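Participant: coords below, sequence missing:
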């Protein structure tokens with residue numbers, strides 16, 4: 001078991017960062033959409049969203065859906081690999097792996113694993129494994145979809161998680177004290193300090209978007225700069241940024257912008 005520990009402390013508050021700059025965006029399109037949650041898009045123009053118990057994959061001209069009524073409402077859909085969406089049903093401690101057509105590939109009830117797990121965050125990792133946070137033991141680990149075994153990584157992480165985001169090699173999260181932390185598949189753990197409460201997405205390179213007073217901002221940890229993103233949308237429910245496309249989800253639908261990040 002890998003238990004290497006690297007801790008990085010960021011010792012001054014984000015409010016002391018340098019003068020605000022701006023990022024200009026170019027509007028691409030917009031789409032009316034009624035949904036409870038918006039999970040993001042893939043490189044082929046498909047949007048993933050959910051309403052209560054139904055997950056949709058929609059490209060504007062055709063739409064497919066997945067529903068598993070016995071498992072209740074959808075807690076999250078992870079699109080680390082959009083060809084294999086990971087659908088999490090927290091009420092029943094169960095995750096379902098889907099294929100590109102939203103057919104079931106595998107279902108795992110973590111209450112029936114050995115040892116049993118109580119999961120409140122789960123997403124795709126590499127080598128046919130899942131990132132899992134077991135709130136019972138307060139332990140991060142990798143769950144093998146081949147052997148149905150859980151391998152802990154690092155030391156226990158106490159506390160409730162407010163937000164989690166996954167990639168193949170890294171799990172990042174915000175704890176109850178708004179500390180931004182990460183762990184790699186090799187067990188390297190970092191604490192980057194306190195972030196704004198309105199954080200909505202991490203971006204590669206230790207950067208992130210957050211919302212404050214109905215305004216979207218982009219912060220760079222590495223350059224110590226803050227940027228105001230020049231969009232008109234208010235009451236933002238979700239943003240998803242990937243491959244220079246910024247997707248804004250509100251009660252009215254989705255608006256997409258071309259964005260060049262500094």
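Facilitator: Nice, thanks for sending it over. Quantities reported herein were computed from a predicted structural model and do not represent experimental measurements. Numbers count the residues shown, from 1 in each chain.
Participant: Counting neighbours, what do you get for residue 101?
Facilitator: A total of 9 residues lie near residue 101 under the criterion other CB atoms under 10 Å. Where C-beta positions appear, they are placed from N, C-alpha and C, glycine not excepted.
Participant: What of the one 4 residues further on?
Facilitator: Here the number of neighbours of residue 105 (other CB under 10 Å) works out to 11.
Participant: And for residue 32?
Facilitator: Other residues close to residue 32 by other CB under 10 Å number 7.
Participant: how about it, phi and psi?
Facilitator: The phi/psi pair for residue 32 (degrees, to the nearest 10) reads phi -70, psi 130.
Participant: what residues are up against it?
Facilitator: Neighbour list for residue 32: 252, 253 [criterion: CB atoms under 8 Å, 6 or more residues apart in numbering].
Participant: got it, and residue 151?
Facilitator: By CB under 8 Å, 6+ apart, the contact list for residue 151 reads 1, 141, 142, 143, 144.
Participant: go on, residue 220?
Facilitator: Going by CB under 8 Å, 6+ apart, residue 220 touches 205, 206, 207, 226, 227, 262.
Participant: just curious, which of these is nearest to residue 30?
Facilitator: Using CB to CB, residue 227 is the member of these that lies nearest residue 30, at 22.7 Å.
Participant: Could I get the phi/psi values of the closest one?
Facilitator: According to degrees, to the nearest 10, residue 227 has phi -130, psi 130.
Participant: If it is in a bridge, with which residues?
Facilitator: Counting by DSSP bridges, residue 227 is bridged to residue 21, residue 218.
Participant: Verify the stated contact: residue 124 with residue 82.
Facilitator: No: between residue 124 and residue 82 there is no contact, the gap being 9.8 Å when judged by CB atoms under 8 Å.
Participant: Identify the bridge partners of the most centrally placed residue in the chain.
Facilitator: Taking CA atoms, centre = their mean, the centroid of the chain lies closest to residue 165, which sits 3.3 Å from it. Applying DSSP bridges to residue 165 gives these bridge partners: residue 172.
Participant: Identify the residues contacting it.
Facilitator: Applying CB under 8 Å, 6+ apart to residue 165 gives the contacts 123, 171, 172, 173, 201, 202.
Participant: Report the separation between the fourth one and residue 116.
Facilitator: So the one you mean is residue 173. Residue 173 sits 22 Å away from residue 116, going by CB to CB, to the nearest Å.
Participant: Return the list of helices and strands in contact with the helix or strand hosting residue 122.
Facilitator: Residue 122 belongs to strand 119-124 when assigned by DSSP states H and E. Other elements packing on strand 119-124 under the criterion 3 or more CB pairs under 8 Å, 6 or more residues apart in numbering; DSSP states H and E are strand 76-78, strand 86-89, strand 129-134, strand 161-166.
Participant: And the nearest residue to residue 128 once chain neighbours are set aside, how far from residue 126?
Facilitator: Excluding its sequence neighbours, the residue lying closest to residue 128 (CB to CB, 6 or more residues apart in numbering) is residue 145, at 4.9 Å. Here the criterion is CB to CB. By it, residue 145 lies 11 Å from residue 126.
Participant: ok, these two, which is more surrounded?
Facilitator: Shown here are residue 145 and residue 126; by other CB under 10 Å, residue 145 has more neighbours (18 against 13).
Participant: Phi first, then psi, for the more buried one.
Facilitator: Phi and psi for residue 145, reported as degrees, to the nearest 10, are phi -80, psi -10.
Participant: what bridges to the nearest residue to residue 36 once chain neighbours are set aside?
Facilitator: Ranked by CB to CB, 6+ apart and with sequence neighbours excluded, the top spatial neighbour of residue 36 is residue 51, at 5.0 Å. Assessed by DSSP bridges, residue 51 has beta-bridge partners residue 54.
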